[in-house]
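J.: Sequence plus predicted model, see below.
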Amino acid sequence: MGLAVDTTYPSSDAKLLEFVVNEGNGVKGLADSNIASLPPRYVHPLDERIDRKDVIDASPYLGAPIDMSGLEGMKKDAVVEALCWAAEKLGFFQVVNHGVPLEVLERAKQAAHTFFNLPSEKKAVFLKGKTPCPNVFYGTSFAPETEKKLEWKDYLSMIYMNDEEAMQFWPQECRDAALDYMKAANKMIHAILSTLLRGLGVEIDESTIGQYMEANAVNMNYYPICPSPELTVGVGRHSDLAALTILLQDDIGGLFVKVEDKGWIEIPPVEGALVINVGDTLEILSNGRYKSAEHRVLASSTKARVSVPIFVSPRPPTMIGPLPGLPEKDGKTVYRQLLFGEYMANYFGGGHQGKKTLDFAKITN
Ligand SMILES: O=C(O)CCC(=O)C(=O)O
Ligand SMILES: [Fe+2]
């Protein structure tokens, strides 16, 4: 079905929302309908647009990919130091020799293309409110009900509870690839999370570390070919909710990270590497030491881009807050104790606004 986007009348915006959001055609459906120009709802204010010309050299801030195989040998101390340094300075780094086979990564990216290339009716069964399982949902943009401007992205979110639920409810076109990727990444996830938490220098036991990765989710992001990527955003400025994000990006590029007071750098695609970033939850647990960096994504005018993040997260009833002993050690308490579910509800309550989400947990006095 084609969509004539008429920018002259206000009613066209309602039609657009109906088509893209409610009917589940997504922005992929819009892109496939051969629009000549971007509907106004996708045109972002000038200061939110991404211009490659403004991007600064990444090398002073982004180290070389960290070789995770070193964590089990003589180089352990150097790897621990590199991980903690990266989490503290930029909050973003890449890892190689992480234990997830290349074929598993390739299949995960391929599965994202397969899912989003399905006819809209097949994807629409997973829309929020219709999906047979609330832990699996398909959508577009970030919070289309509340956002002034929409993002040029569709996504599928799969929160892992157990194999039985995943086998029954995850879309069969991408289920096995997503599960294999998530399981193959688990050892590395534990290694990075436990290294960073132990690196804070306070006592922490194994079961506490385990709690922060009890409700991981695999997402598949799809950024269709965009007629005017310079006017819109694939994803707007945000920091992630999770403790850690393990991001598999393809070879197209377009992921930008903010270096505070300096500008934006691009995280270059490196074959076989995974991008790791600190999320709000880990910034809170670390009393502000590890940085949940602001990032955003530029869509492409020539190719559909996919990415497959794993959001490493606790269950909603888990308490998050600076680890016991840290405020005393740091001489200050930056964040309060709150339930992850409480933080999550606030996080999804509005559109993307950079790092504002963290203010909800900040102690103000
Ligand atoms: O697609 C990407 O490279 C990043 C996506 C992202 O930031 C997210 O899903 O939170
Ligand atoms: Fe993100």
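T.: Nice, I can see it. Ligands and ions are numbered 1, 2, ... in the order given.

J.: What segments of the stretch 1-150 of the chain are strands?
T.: Using DSSP state E, counting those that start in this stretch, the strands found in the stretch 1-150 of the chain span residues 66-67, 92-96, 136-140.

J.: Go through the ones you listed and pick out the most buried.
T.: Mean neighbour count, computed with mean count of other Cβ atoms under 10 Å, is highest for strand 92-96 among these, reaching a mean of 23. For glycine as for every other residue, the C-beta is placed from the backbone atoms N, C-alpha and C.

J.: If whichever residue of the stretch 151-300 of the chain sits closest to ligand 1 is in a bridge, with which residues?
T.: Closest approach between the stretch 151-300 of the chain and ligand 1, counting by Cβ to the nearest ligand atom: Leu255, at 3.9 Å. Taking DSSP bridges as the rule, Leu255 bridges to Val297.

J.: The nearest residue to Met220 once chain neighbours are set aside: what's it in contact with?
T.: Of all residues not flanking Met220 in the chain, Ala112 sits nearest, at 4.0 Å (Cβ to Cβ, 6 or more residues apart in numbering). By Cβ atoms under 8 Å, 6 or more residues apart in numbering, Ala112 lies in contact with Leu156, Cys174, Met220, Asn221, Tyr222, Val306, Ser307, Val308.

J.: one more time with 6 Å
T.: Counting by Cβ atoms under 6 Å, 6 or more residues apart in numbering, Ala112 makes contact with Met220, Val306, Val308.

J.: Quick one: neighbours of the residue of the stretch 1-150 of the chain found nearest ligand 1, just the number.
T.: Nearest to ligand 1, among the residues of the stretch 1-150 of the chain, is Phe142, at 9.0 Å (Cβ to the nearest ligand atom). The burial count assigned to Phe142 is 18, neighbours taken as other Cβ atoms under 10 Å.

J.: Quickly note the distance from it to Met158.
T.: 17 Å (Cβ to Cβ, to the nearest Å).

J.: Which one (most neighbours) among the contacts of Ala112?
T.: Met220 (27 neighbours).

J.: Is that one in a helix, a strand, or coil?
T.: Here Met220 is strand, with the state taken from DSSP: H, G, I helix; E, B strand; the rest coil.

J.: How about it: which residues does it bridge to?
T.: Beta-bridge partners, per DSSP bridges, of Met220: Leu156.

J.: pLDDT value on the nearest residue to Ala124 once chain neighbours are set aside, please?
T.: For Ala124, ignoring the flanking residues on the chain, the nearest one in space by Cβ to Cβ, 6+ apart is Gly24 at 3.0 Å. For Gly24, the model assigns a pLDDT of 97.

J.: measure Gly24 to Tyr42 for me?
T.: Counting by Cβ to Cβ, the gap between Gly24 and Tyr42 amounts to 18 Å.
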